[in-house]
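[1] how would this look folded up:
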Amino acid sequence: EINDSGLSSNPNLSSIDLPSSLKKIGNGAFSGSALTKITIPDSVTEIGEEAFSNCNKLVEVTMSKSVKVLQRSTFSSCNSLGIINNLDAVEDIGAYAFGSVFNWSEIKFGPNLKTIHADAFRSCTAKVLYFSGPAPSTCEGIEALNELTTVYYKSSTSGWSAFINEYKAKYPDRVSFLPY
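    Modelled structure (predicted):
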């Protein structure tokens, strides 16, 4: 386990090899560090709140295939973050998980995603979101996306008509939705 705030605010920590036996990354574990790229081993099943927040040099993350929940502010204010691989197992995205992430062009979510909490993408500039599974339970999580964002959804999955109607009723003229 990497304890809460265990390696946070370390300006000299630009890379780290996490052991394959690691199970948990604690709250704020790497917050404010100088990481540029990280691979989270598949043994990790839990990542705490703000674990990577304010890692302004973090460009790429390869997620554990075992993490099902991205907690509140997991990657918030990671201004350089452009790539997150392996989001297939994620079922729940916490509030502000991707808040103030400015460098993304696209995000791909796996078929297991069920819940996106309010403000999960607050001030996030993602241009394209891909959803390969059913519509999330509520549209509140993507309310902060702007009119430059396009959401692609798998047309053969359920719930998208109701999701889109709810979103457009609450937030007209923001996001475009297109089947693929």
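[2] Could you pull up the contacting residues of residue 22?
    Contact partners of residue 22, counting by CB atoms under 8 Å, 6 or more residues apart in numbering, are 1, 2, 41, 43, 44. C-beta: built from backbone N, CA, C; applies to glycine.
[3] got a pLDDT number for it?
    Note for residue 22: predicted pLDDT of 97.
[4] Is it in a helix, a strand, or coil?
    Here residue 22 is recorded as coil under DSSP: H, G, I helix; E, B strand; the rest coil.
[5] Which stretches in this protein count as strands?
    Using DSSP state E, the strands of the chain run over residues 24-25, 37-39, 46-47, 60-62, 69-70, 83-85, 92-93, 106-109, 115-116, 128-131, 150-153, 176-179.
[6] just the helices in this protein please.
    Ranges of helices in the chain, per DSSP state H, are 160-170.
[7] Return the distance of the nearest residue to residue 128 once chain neighbours are set aside relative to residue 129.
    Nearest non-adjacent residue to residue 128, counting by CB to CB, 6 or more residues apart in numbering: residue 106, 4.0 Å away. Distance, residue 106 to residue 129, using CB to CB, to the nearest Å: 7 Å.
[8] Same drill for the two, tell me which one is more crowded.
    Neighbours were counted for residue 106 and for residue 129 using other CB atoms under 10 Å; residue 129 has more, 22 against 13.
[9] ok, back up a step: against residue 126, how distant is the residue nearest to residue 128?
    7 Å.
[10] got it, and residue 12?
    Distance from residue 12 to residue 126, counting by CB to CB: 30 Å.
[11] ok, the two, which is more surrounded?
    Higher neighbour count among residue 12 and residue 126: residue 126, with 21 against 6, using other CB under 10 Å.
[12] what's the distance between the more buried one and residue 151?
    Separation of residue 126 from residue 151 (CB to CB): 10 Å.
[13] any residues in contact with both of those two?
    What both residue 126 and residue 151 touch, as defined by CB under 8 Å, 6+ apart, is the set residue 145.
[14] Residue 99: neighbour count?
    Other residues close to residue 99 by other CB under 10 Å number 21.
[15] whoops, I mixed them up, residue 6
    16.
[16] My guess is it contacts residue 26. True?
    Yes - in this structure, residue 6 is within contact of residue 26 by CB atoms under 8 Å, at 6.2 Å.
[17] On the pLDDT front, check residue 104 for me.
    At residue 104, the predicted lDDT confidence score is 83.
[18] who's in contact with the nearest residue to it once chain neighbours are set aside?
    Of all residues not flanking residue 104 in the chain, residue 126 sits nearest, at 4.3 Å (CB to CB, 6+ apart). If you count contacts by CB under 8 Å, 6+ apart, residue 126 has them with 98, 101, 104, 105, 106, 107, 145, 149.
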